[in-house]
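Participant: from the sequence below, what's the structure:
(2 chains)
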Amino acid sequence: MSLIGELKQKHKDEWLAIEVTRYENHEPVEGTLLEHDKERERLWQKVQLSRGKRIYVTYAGPLIEEGYAVAF
Amino acid sequence: MRLDPNLPVIPLRVVLGGPSGEIEVEMALDTGATYAMVPWDISQKLGYDPAVSRERAKLVTASTTEIAPLITLDYMEVLGVRIPGIQVACHDLPPTSKVQGLLGLSYLKNCNLSLRYKDSQLELEDCWNLTAGPMKEEGLT
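Facilitator: You can find the predicted model right below:
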């Protein structure tokens, strides 16, 4: 198990799939890294769900690229 | 929850529940979206098949109108508040966005939402499941 902040530092600018083992104030703080990949689609292809297990999928970098504004 | 005024969106971690399990992702708060929006691949991973959904929504976006399938998730959970039976539109966001969906009104209308930028606080409270009565967890921030 690792701190999620450390996992994001180690795999900067990659997509991570993490089985979370500890939350603090609804925030995932610790977990086991299941998969990581630079490509979002490739990561999702590797993610395997099962009942009773929550997988947190996140990007280890800015959610919106620098220089961009957003209008959905 | 603490708001970061320097971010270009308001990201919220959202748990999505379906027949195959549950996934937690970051979504952008969007009070201008009728439905929560989930990408096709995530909805398929959760065990749904948007392609065979009989329900469709015409989505009016900033630049165009598109048709997207609607599915009903087992539940969505934000800040510990789980609400069953949330209808979402299946539609992909551009690859430059690393948020994986929009948290729209199909979830938000079940709660009181307060955005207090001056205090850097977002509050989701007095949640009310429209089909089953008051939710157990209230006043979560």
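
Participant: for chain A, which residue gets nearest to chain B?
Facilitator: Chain A approaches chain B most closely through residue A:49 (3.3 Å), counting by CB to the nearest CB. Bear in mind the C-beta positions are built from the backbone N, C-alpha and C, glycine included.

Participant: please tell me how far residue B:66 sits from chain A.
Facilitator: 12 Å (CB to the nearest CB, to the nearest Å).

Participant: sorry, back to before: what's opposite the nearest residue to the residue of chain A closest to chain B once chain neighbours are set aside in the beta bridge?
Facilitator: Leaving aside its sequence neighbours, residue A:49 sits nearest to residue B:21 (CB to CB, 6 or more residues apart in numbering or on different chains; 3.3 Å). Beta-bridge partners recorded for residue B:21 (DSSP bridges): residue B:18.

Participant: now residue B:115
Facilitator: Assigned bridge partners for residue B:115, using DSSP bridges, are residue B:122.

Participant: I'd assumed residue B:122 was in contact with it.
Facilitator: Yes - in this structure, residue B:115 is within contact of residue B:122 by CB atoms under 8 Å, at 5.8 Å.

Participant: which neighbours do those two have in common?
Facilitator: B:3, B:10 (CB atoms under 8 Å, 6 or more residues apart in numbering or on different chains).

Participant: which one of those two is surrounded by more residues?
Facilitator: Neighbours were counted for residue B:115 and for residue B:122 using other CB atoms under 10 Å in any protein chain shown; residue B:122 has more, 18 against 12.

Participant: the more buried one and residue A:26, how far apart?
Facilitator: According to CB to CB, to the nearest Å, residue B:122 and residue A:26 sit 12 Å apart.

Participant: could you pull out the strands in chain B for me?
Facilitator: Using DSSP state E, the strands found in chain B span residues B:11-18, B:21-29, B:36-38, B:56-60, B:65-78, B:81-90, B:102-103, B:112-116, B:121-125, B:128-129, B:133-134.
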